[in-house]
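Enquirer: have a look at this prediction, sequence included:
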Amino acid sequence: MNVFSKHSRQLEKRSLAFLLLALPLFAADPPQNLTLLVPGGAGGGWDLTARAMKDALESEGLAQVRIESSPGPGGSVGLAQLLSGHRDDEHTLLVGGLVMLSAAASNHLAISPLDATPIARLTGDYPLVVVPSSSPFRNMADLMNEIRRDSAAFPWAGGSSGSLYERLLGDLYESASLSRATVNYVPHGSGREVAEALLRGRARLGVSEAAEVEPFVARGELRPLAVAAPARLPGLDIPTLRESGFDVVSVNWRGVFAGPALSPFARDRLSALMATMVQTTSWKAALTQRRWTDLHLEASDFKKFVEIEQAQWSRPEPETRLPSPHPVGDTWWPWAIATGLLMLSAVPSYRQRRRTRAASLPTEAASPDPGAATESDPLSEPRLDPTATEKDEVTSAFEAWRLTTAERDIAKLMLQGLRYKQIAFERGTSERTVRQQAQVILRKAGLDGRADLAARFLGPLGQRSGLPRPSTAA
């Protein structure tokens, strides 16, 4: 009996030793099925990164990949989904980067990429300054000279509000001895949207990564003026901002994140998978094709890097922007995230109500329904019924003020009596950005405030109809 017990203990020790030796092998075996969450629009940097990852992982037999899109401002929707629905899921990765981190920090969100588990930094991309091919500007010096004369006349199309693109332009203006607050910035969801805004005349200037706008450049639809890189990019004969006389450099990095409750073993497996992926021929070809810079970092180093970046972006900018009485929580993002992902299902119906109301704007042919405001919709305001002559007066005034398409849309919503927060929700941007654009509108119109804008058009209407004047409270 004693001999048998002794033999059993020896077998147990040997089995334990075997398991301890084999454990690293199991830990090094990555999952064979992955879902990549893309928190931005099609054709954007995150989307292109996910597609390049899918090609590299599948071509080498490393994993089968499914791409799932969850677009939202600054990647906030996708990040919230990862944190709430994939806490310990080693089969799901979120593609994110500096745009997500900077937008979260600049807009004082309650969540950030550091709440997730950093897995790997992958690439870097340097923004391009682009204009439509029909633009008279062919270099940054001439462009900035014109902006000095009338900065409000030069709306910029860029990425999410508060992102590196907006700060890059602030640095550019500061380098040109201009106030950061004079940047007329209109945020968009992707580089494709930036290009479309330029081609449709909604903006005169754009800033986006080379990979996102290069197809439009290759077709001759857009013209690059400068790149925010320390040196010219290989294969692109485009001067840097420094060469153009403006000491500004900016790089947009991207990486992947997993859920916040991921185990250390799962984190290491995924990090090892990414380290293998970046060595594949397919991935290296994507770097060359997209003109991405290889910035690979494994999990532990990537986490330290993200901590440094978040500390930097959490600091206020060198100069203050246009004043806002709501410096904290000045966008609809915190509301959406705090209320939970279930509230996202209400967005389509909310936007439908706004689109219904937009049909009654002064420059549209349809006449609004004064009785459309009901107690069941507390955000609805009484609407006036302008005549055709009054519609023409509004259109003529907008043209005389040289308002851009985006500024006209905002001015119409201001005339309807919508608050800045409501306008921001309708346009999918931040309240701060709407306030900036409203200040530009008022400056162009030579008016002192929203009350003056309402009185300019709605005073006679309100007196005639007997309806209460729209609220001008923000």
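Expert: The structure has been received and is ready for your questions.

Enquirer: so where's the stretch 251-400 of the chain uncertain?
Expert: In the predicted model, the stretch 251-400 of the chain carries pLDDT under 70 at residues 315-392.

Enquirer: parallel or antiparallel, which strands does the helix or strand that contains L36 pair with?
Expert: L36 is located in strand 33-38, with elements delineated by DSSP states H and E. Strand partners for strand 33-38, identified by DSSP bridges, are recorded as strand 64-69 (parallel), strand 92-97 (parallel).

Enquirer: can you put these in a markdown table and add mean neighbour count and mean pLDDT?
Expert: Every residue, glycine included, has its C-beta placed from N, CA and C. Written out in a markdown table, the entries for the strands paired with strand 33-38 read as follows (neighbours: other CB atoms under 10 Å; pLDDT from 0 to 100):
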| stretch | mean neighbour count | mean pLDDT |
| --- | --- | --- |
| strand 64-69 | 15 | 94 |
| strand 92-97 | 28 | 96 |
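
Enquirer: what's the closest of these to E196?
Expert: Counting by CB to CB, E196 lies closest to strand 64-69 out of those; the figure is 18.0 Å.

Enquirer: following the closest one in sequence, what is the next regular element?
Expert: Following the chain from strand 64-69 toward its C-terminal end, the next helix or strand by DSSP H and E is helix 76-85.

Enquirer: quick check: P155 vs R269, distance?
Expert: Summarising the geometry, the distance separating P155 from R269, computed by CB to CB, to the nearest Å, is 46 Å.

Enquirer: and these two? which has more neighbours close in?
Expert: Of the pair P155 and R269, P155 is the one with more neighbours under other CB atoms under 10 Å, namely 23 against 19.

Enquirer: doesn't L403 make contact with the more buried one?
Expert: No: with the criterion set as CB atoms under 8 Å, P155 and L403 do not qualify as a contacting pair; they are 9.8 Å apart.

Enquirer: burial measure for D294, as a count.
Expert: By other CB under 10 Å, neighbour count at D294 equals 12.

Enquirer: so which bits of the strand or helix carrying it are buried?
Expert: Using DSSP H and E, D294 sits within strand 293-297. Of the residues in strand 293-297, those buried by neighbour count under the rule 16 or more other CB atoms under 10 Å are 295-297.

Enquirer: tell me how far that strand lies from the chain's centre.
Expert: Distance, stretch centre to chain centre, for strand 293-297: 22 Å (CA atoms, centre = their mean, to the nearest Å).

Enquirer: what pairs with that strand, and is each one parallel or antiparallel?
Expert: Listed by DSSP bridges, the sheet partners of strand 293-297 and their directions read strand 117-125 (antiparallel).

Enquirer: tell me what the next helix or strand after the partner strand is packed against?
Expert: Tracing the chain past strand 117-125, the next element assigned as helix or strand by DSSP H and E is strand 127-132. Contact analysis of strand 127-132 by 3 or more CB pairs under 8 Å, 6 or more residues apart in numbering; DSSP states H and E lists helix 164-175, helix 191-199, strand 205-209, helix 210-218, strand 222-227 as its packing neighbours.

Enquirer: outside of the first one, which residues touch it?
Expert: Spelled out, it's helix 164-175. The contact list for helix 164-175 (CB atoms under 8 Å, 6 or more residues apart in numbering) reads 98-99, 102, 106, 127, 144, 147, 151, 156, 158-159, 179-180, 182-183, 185, 187, 207-208, 228, 241, 246-248, 250, 252, 317-319.

Enquirer: got the angle for that helix vs strand 127-132?
Expert: With axes from the mean of the first three to the mean of the last three CA atoms, to 10 degrees as the criterion, the two stretches helix 164-175 and strand 127-132 enclose an angle of 80 degrees.

Enquirer: now do the shortest one
Expert: Between the axis of strand 205-209 and that of strand 127-132 there is an angle of 140 degrees, by the same axes, to 10 degrees.

Enquirer: try the fourth one
Expert: For the pair helix 210-218 and strand 127-132, the angle between their directions (the same axes, to 10 degrees) equals 30 degrees.

Enquirer: and T49, what element?
Expert: Take DSSP H and E as the rule and T49 turns out to sit in helix 45-59.

Enquirer: tell me which residues are up against that helix.
Expert: Surrounding helix 45-59, the residues in contact under the criterion CB under 8 Å, 6+ apart are 34, 36, 38-41, 62-65, 67, 69, 75, 95-97, 99, 122-123, 125, 190-191, 209, 211-212, 252, 254, 256, 273, 277, 280-283, 286, 290.

Enquirer: residue contacts, the residue nearest to S69 when sequence neighbours are not counted?
Expert: What sits nearest to S69 in space, not counting adjacent residues and going by CB to CB, 6 or more residues apart in numbering, is V38, at 4.8 Å. Contacts for V38 (CB under 8 Å, 6+ apart) come out as 44, 46-47, 50, 67-71, 78, 95.

Enquirer: turn the strands paired with strand 33-38 into a markdown table, columns for distance to E407.
Expert: Rendered in a markdown table, the data for those read as follows (distance: least, CB to CB, whole Å):
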| stretch | distance to E407 |
| --- | --- |
| strand 64-69 | 30 |
| strand 92-97 | 30 |
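
Enquirer: looking at those, which is closest to L415?
Expert: Nearest to L415 among those is strand 64-69; the distance by CB to CB comes to 34.9 Å.

Enquirer: and the angle for that closest one with helix 76-85?
Expert: If you take the same axes, to 10 degrees, strand 64-69 sits at 120 degrees to helix 76-85.

Enquirer: roughly how far does G446 sit from L83?
Expert: When CB to CB is the yardstick, G446 and L83 sit 47 Å from each other.

Enquirer: an error on my part: the question was meant for G235.
Expert: Counting by CB to CB - G235 and L83 are separated by 39 Å.

Enquirer: same check, this time on G97
Expert: For G97, the distance to L83 (CB to CB) stands at 17 Å.

Enquirer: what of K304?
Expert: Relative to L83, K304 is positioned 21 Å away (CB to CB).

Enquirer: between those two, who's got more neighbours?
Expert: Set side by side, K304 and L83 show unequal neighbour counts under other CB under 10 Å, the larger going to L83 at 21 against 11.

Enquirer: these two touch, right, that one and I111?
Expert: Yes: with contacts defined as CB under 8 Å, L83 counts as touching I111 at a distance of 6.2 Å.

Enquirer: what residues are up against the residue lying closest to E407 once chain neighbours are set aside?
Expert: If you skip the residues right next to it in sequence, E407 has I441 as its closest partner in space, 5.2 Å away by CB to CB, 6+ apart. Residues touching I441, when contacts are defined by CB under 8 Å, 6+ apart, comprise 401, 403, 407, 410-411, 414, 453.

Enquirer: name the element I441 belongs to?
Expert: Using DSSP H and E, I441 falls within helix 431-445.
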